[in-house]
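Q: Have a look at this prediction, sequence included:
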Amino acid sequence: MNRRRHSAQGFTLIEVLVALAIVGITLAAGLKAASALTDNAERLALVSAAQWCAENQLVELRLSRQFPGVGEQDFACRQLGRDYQGRLLVSPTPNPNFRRVDARIASAEGQPLLAISTILGRF
């Protein structure tokens, strides 16, 4: 008599659980990466708009063709539907014909976003 043994076909419970764990870990890593990409895109939009605000203020100073006085000046800016707080800091340089101007931009909540510096000369 030839008896054939029928082997069970399919996966064991442990194999299925290991596969589910691998899939779960992979999905969690994918969600974390997608979240990081979204956060980076938001940060890029904030910093880009803040840079436009700072550059607009510095260009306005250049176009006024007036030698800026030493001191601080606050300003507000709106770009891409968001409000930004800005501060221009004008300081002297060793050469009295030049001034250093720092434009610092913060979010509406006061979180610092960007600082740009330039040198303006007497016209």
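A: Happy to help now that I have it.

Q: How many residues are close by residue 60?
A: Residues within reach of residue 60, counting by other Cβ atoms under 10 Å, total 11. (C-beta placed from N, C-alpha, C; glycine too.)

Q: Before we move on, what's the pLDDT of it?
A: Residue 60 carries a pLDDT value of 93.

Q: That one: what secondary structure?
A: Classification of residue 60 by DSSP: H, G, I helix; E, B strand; the rest coil places it in helix.

Q: heads up, I number from 594, so please use that
A: New numbering, starting at 594: the last item is residue 653.

Q: Can you tell me how far it is from residue 681?
A: Between residue 653 and residue 681 the computed distance is 10 Å (Cβ to Cβ, to the nearest Å).

Q: now swap in residue 674 and tell me
A: 23 Å.

Q: With residue 613 instead?
A: When Cβ to Cβ is the yardstick, residue 613 and residue 681 sit 58 Å from each other.

Q: Pick out whichever of those two has more residues nearby.
A: A direct count of neighbours by other Cβ under 10 Å for residue 613 and residue 681 places residue 681 higher, at 19 against 10.

Q: strands paired with the helix or strand hosting that one, and their directions?
A: With the criterion set as DSSP states H and E, the secondary-structure element containing residue 681 is strand 675-685. When pairing is defined by DSSP bridges, strand 675-685 lines up against strand 664-672 (antiparallel), strand 691-700 (antiparallel).
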